[in-house]
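[1] just the structure for this:
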Amino acid sequence: MKIIYQCTFLLAVIFFAFGPSLMVSADEEKSPSCNFPFPAAMKTATKHWNAKAAADVWLQAASALPKRVGFQQGLLAIPAAPIAVAPNQPPVLPGNTKGIINALCDVPLYILGCGFAANAASITCDTNGDGVADLAIALNNVGVVNRNLVHATIASLVPQLPGTAFPLACCGGTASLTVIQKVSAGDDNIFGGYEIKATCPIELGIRAPVVISASPSSGDCAISQNLQVPGSCFLLPDGSANVTAVFAVEKGNPANVIQATRFVVLTPNLIDALFDLGSANAGKTFLIYASGANGTSRNLTTLPPNAPVGCPLGNEQGLEVSFTCAKAKAPPADPVPPPPTATVNQCRVERSDTGSVSLTISGSRLHPNAVVTIGGVIPKKLKFKHADADHPGFFRTIVVKGRVCASLPGTVIVHNPGENSSPPFACNLSCP
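    Numbers count the residues shown, from 1 in each chain. Next comes the predicted model:
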């Protein structure tokens, strides 16, 4: 046996419970679920909502109404606690489900007017804008509070999406809420298993853009950086744009905001954005956001008030979406001058009146303890002459005697103590 309860006006509930005090007036607000009038007593400032007091109004109403056989009661869903959303996203008002699509983590609900012992529930979202709900989201912890009130939780989608209770394919709008009592066959039920259902529209609100990552995640900010930004709900199911700006905010310095030079929404799930962050931001990390008429993407660095305990920072996946500018490159160091060495730039062969042959080597930085080779041969005797005025303690001339003729022509090398050898100098002379 299957009973389908259509959503009907719950005026009888409030009139039975509260009487004339709940007549609709200009100060009253209607629920998005079943056009049900909220009493003015439930309306408070957005910043200061006492969730327990608001919920108690419905608990009192449900408790005061006797269960009525044969009366098709309508469904009405409201948050069972204050709902936290990310900064720059529309707040969820008291007694209203509009905006819970952006809620952080679990979303607790009260469902009024069920009239049977529901033990299961689901929300079905329209993902393609054809007016047909096609993505079912099972609710958890479905339980009866009293004969007219059910409590349920839209649970966060751990581990893939620990920060949200809604799949990324669901961009919000009006969904379908169904509560079910599943009855199995047994000794006390000879007719076999069956289900009792009640269905009602539920307004989720339109989802803010969801940014999953930015690629690349780092680069040289002295040049333009082209980022691929995947996510969801960049275009809504009806084809309308949900992103009007893409920008970067310096982590730890919210005053430093840099808008994308240009961006293109390629698909509902991909944005191409060009940033000119500038060399002045070298070494800094920027959080990447997309925003539009329905709010700014989530990229939390701290949790807002009323956020559920354990809800992750970052985006819906619990990840920070950022781009880091590479550190500025240090200017090249001055080239290290080559270590000083002796230099040979001239050679001359001389024969004395007695017939002895000598080789005069001229250059600079010729140390008196230097080792000289001519064609690889070390001469017998060296005499240093003409002090080097530019290099105190060194000389400009060496007179070589012994083993000279046997070494010429040959390469002259002077090796000062503790230094590299002089560049080779080819002495192409021969003994006369």
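
[2] point out where the stretch 151-300 of the chain drops to low pLDDT.
    Filtered on pLDDT under 70, the stretch 151-300 of the chain yields no residues whatsoever.

[3] would you map the strands across it?
    172-183, 194-206, 210-211, 218-219, 225-232, 245-250, 257-259, 262-267, 270-275, 285-292, 295-296 (DSSP state E, counting those that start in this stretch).

[4] and the stretch 301-432 of the chain, by the same measure?
    322-325, 343-351, 357-366, 371-374, 381-387, 395-401, 410-415, 425-427.

[5] closest one to L75 among those strands?
    When the strands of the stretch 301-432 of the chain are compared by C-beta to C-beta, strand 322-325 sits nearest L75, at 42.6 Å. Any C-beta I mention is one placed from the backbone N, CA and C, and that applies to glycine too.

[6] what lies in contact with the closest one?
    Outside strand 322-325, the residues that touch it by C-beta atoms under 8 Å, 6 or more residues apart in numbering are 214, 216-221, 225, 227, 248, 251, 275, 277, 281-288, 299.

[7] go with 6 Å
    Strand 322-325 is contacted from outside by 214, 217-218, 221, 277, 281-282, 284-288, using C-beta atoms under 6 Å, 6 or more residues apart in numbering.

[8] highest average neighbour count across the strands of the stretch 151-300 of the chain?
    Per residue and on average, the most neighbours among these fall to strand 210-211, with a mean of 26 (mean count of other C-beta atoms under 10 Å).

[9] what packs against that strand?
    Judged by 3 or more C-beta pairs under 6 Å, 6 or more residues apart in numbering; DSSP states H and E, the packing partners of strand 210-211 are strand 225-232.

[10] what is the strand it packs on packed up against?
    Strand 225-232 makes packing contacts with strand 210-211, strand 270-275 when contacts are defined by 3+ C-beta pairs under 6 Å, 6+ apart.

[11] could you dump these to JSON lines with distance to C311?
    Converted to JSON lines, these look like this (distance: least, C-beta to C-beta, whole Å):
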{"stretch": "strand 210-211", "distance to C311": "16"}
{"stretch": "strand 270-275", "distance to C311": "26"}
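
[12] of the ones you listed, which is nearest G318?
    Distance to G318, taken as C-beta to C-beta, is lowest for strand 210-211 among the helices and strands packed on strand 225-232, at 12.8 Å.

[13] circling back to that earlier point, would you turn the strands of the stretch 151-300 of the chain into a markdown table with distance to A138?
    Shown next, in a markdown table, are the strands of the stretch 151-300 of the chain (distance: least, C-beta to C-beta, whole Å):
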| stretch | distance to A138 |
| --- | --- |
| strand 172-183 | 10 |
| strand 194-206 | 14 |
| strand 210-211 | 21 |
| strand 218-219 | 40 |
| strand 225-232 | 20 |
| strand 245-250 | 34 |
| strand 257-259 | 40 |
| strand 262-267 | 28 |
| strand 270-275 | 29 |
| strand 285-292 | 29 |
| strand 295-296 | 26 |
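
[14] closest one to F384 among those strands?
    For F384, the closest of these is strand 218-219, at 61.0 Å, according to C-beta to C-beta.

[15] how far off centre is the closest one?
    Distance of strand 218-219 from the chain centroid (C-alpha atoms, centre = their mean, to the nearest Å) equals 13 Å.

[16] residues in contact with the most centrally placed residue in the chain?
    Using C-alpha atoms, centre = their mean, the residue of the chain that lies closest to the mean C-alpha position is V321, 0.9 Å off. Contact analysis of V321 by C-beta under 6 Å, 6+ apart lists 211, 213-214, 288, 299, 315.

[17] which one of the residues you listed is nearest A155?
    Closest to A155, out of all of the contacts of V321 and judged by C-beta to C-beta, is N315, at 18.3 Å.

[18] how near is that closest one to T397?
    In this view, N315 and T397 are 79 Å apart by C-beta to C-beta, to the nearest Å.

[19] ditto for L139
    In terms of C-beta to C-beta, L139 sits 102 Å off from T397.

[20] of the two, who's got more company?
    The neighbour comparison of L139 against T397 (other C-beta atoms under 10 Å) goes to L139, with 25 against 17.

[21] does the closest residue to C347 other than its chain neighbours have beta-bridge partners, and which?
    Spatial nearest neighbour of C347, chain neighbours left out: C427 (3.8 Å); criterion: C-beta to C-beta, 6 or more residues apart in numbering. Beta-bridge partners recorded for C427 (DSSP bridges): G410.

[22] ok, C427 touching R348?
    No. C427 lies out of contact with R348 (C-beta atoms under 6 Å); the separation is 9.0 Å.

[23] quick one: which of the two has more around it?
    Just comparing C427 and R348: by other C-beta under 10 Å the higher neighbour count belongs to C427, 21 against 13.

[24] tell me the pLDDT at that one?
    Per-residue confidence (pLDDT) for C427: 92.

[25] i'd like the first residue to be 818 from this point on
    Renumbered: residue one is now 818, and that last one reads C1244.

[26] and it, how far from N1043?
    64 Å.

[27] before we move on, what about Y1011?
    Distance, Y1011 to N1043, using C-beta to C-beta: 59 Å.

[28] tell me the contacts of R1115?
    Listed by C-beta under 6 Å, 6+ apart, the contact set of R1115 reads 903, 1132.

[29] ignore what I typed, I meant Q906.
    919, 1025, 1112.

[30] check contacts around S1001.
    G1010.

[31] likewise R1182?
    By C-beta under 6 Å, 6+ apart, the contact set of R1182 is 1159, 1208, 1211.

[32] change it to 7 Å
    By C-beta atoms under 7 Å, 6 or more residues apart in numbering, R1182 lies in contact with 1157-1160, 1205, 1208, 1211, 1233.

[33] same thing with I917?
    By C-beta under 7 Å, 6+ apart, the residues touching I917 are 896, 900, 909, 924, 1021-1022.

[34] nearest to K915 among those residues?
    Checking these against K915 by C-beta to C-beta gives G1022 as the nearest, at 4.3 Å.

[35] the closest one reaches P907, doesn't it?
    Yes. If you go by C-beta atoms under 7 Å, G1022 and P907 touch, sitting 6.5 Å apart.

[36] any common contacting residues for these two?
    Counting by C-beta under 7 Å, 6+ apart, the common neighbours of G1022 and P907 are G916.

[37] before we move on, back to that, now, among the contacts of strand 1139-1142, which is nearest to T1084?
    A1031 (16.1 Å).
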